[in-house]
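Participant: Got a sequence here, can you model it:
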Amino acid sequence: MRNKDGLRFAVIFLAISGIIFGGIRNTESKEAPKVASEHRESDTIPESNAPERKIIVYYFHGAYRCPSCLQIEAWSFDAIQKSFAQALEQGAIIWEAIDVDKPENSHLPKEYQVSTRALIIVDTTGAKQKRYKNLEKVWEYLTDQKAFYEYVTREINKCLGNSATY
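Facilitator: Numbering: from 1, shown residues only. Got it, this is the predicted structure:
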């Protein structure tokens, strides 16, 4: 019983930390970070002279994977695959699940001002990061898959459309 209470506290703490430290951050002319990834579709994108715009969706997780963290990763990737299959295939949207407990990725939570477990949308042109957004409400939709998918899809569409509300 005590372990369940500790796990609940940890999940609630992570969710609250994400809400407190999350939100929109502008990061003009900052280079996109270099990461080691489990899903690295960007390796298949052909090189070109003109800087290409890409949307990178990072899911930051740790070595320990609680059921909520696994669900957020699965639902996020599924929502992106269902709503943006062509963009994923063409490399306009890139999905990367990143273990931030690995030494080579440990700088990312600080760089994106999150508490390790997070879903981040990054708008890039070439190697330059224009802006990013922490989708902190994913924690709120863990009991409603439809609302979760709509939220993730809506936020990526805002980014793709250069919406002033992004």
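
Participant: pLDDT-wise, which helix or strand of this protein ranks last?
Facilitator: strand 24-31 (a mean of 41; mean pLDDT, DSSP states H and E).

Participant: moving C-terminal of that one, what's the next helix or strand?
Facilitator: strand 53-61 (DSSP states H and E).

Participant: what is the rounded mean pLDDT of that following strand?
Facilitator: Here strand 53-61 scores 94 as its mean pLDDT.

Participant: ok, that strand: who's next to it in the sheet?
Facilitator: strand 93-99 (parallel), strand 118-125 (antiparallel) (DSSP bridges).

Participant: Run a quick neighbour tally on the closest residue to Leu135 other than its chain neighbours.
Facilitator: Nearest non-adjacent residue to Leu135, counting by CB to CB, 6 or more residues apart in numbering: Leu119, 4.3 Å away. No exception for glycine: its C-beta is placed from N, CA and C like everyone else's. Residues lying near Leu119 (other CB atoms under 10 Å) number 27.

Participant: Could you do the one 4 residues further on as well?
Facilitator: Residues lying near Asp123 (other CB under 10 Å) number 20.

Participant: residues contacting it?
Facilitator: Residues near Asp123 by CB atoms under 8 Å, 6 or more residues apart in numbering: Arg53, Ile55, Gln129, Lys130, Arg131, Tyr132, Cys159, Tyr166.

Participant: Select only the buried ones of those residues in ChimeraX?
Facilitator: Buried residues among the contacts of Asp123 (16 or more other CB atoms under 10 Å), as a ChimeraX selection:
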select :55,129,130,131,132,159,166
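
Participant: With distance to Tyr141 as added columns, please give the contacts of Asp123 in CSV.
Facilitator: Output for the contacts of Asp123, formatted as CSV (distance: CB to CB, whole Å):
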residue, distance to Tyr141
Arg53, 28
Ile55, 20
Gln129, 26
Lys130, 26
Arg131, 23
Tyr132, 20
Cys159, 18
Tyr166, 19
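
Participant: Can you list which of the contacts of Asp123 are found in strands?
Facilitator: Residues of the contacts of Asp123 located in strands (DSSP state E): Arg53, Ile55, Gln129, Lys130, Arg131, Tyr132.

Participant: Does the nearest residue to the fourth one once chain neighbours are set aside have any beta-bridge partners, and if so which?
Facilitator: Nearest residue to Lys130 in three dimensions, chain neighbours excluded: Asp123, at 4.7 Å (CB to CB, 6+ apart). Legend: beta-bridge partners of Asp123 under DSSP bridges are Ile55, Arg131.

Participant: What's the local residue count around Ser104?
Facilitator: Ser isn't right for residue 104; it's Glu. 12.
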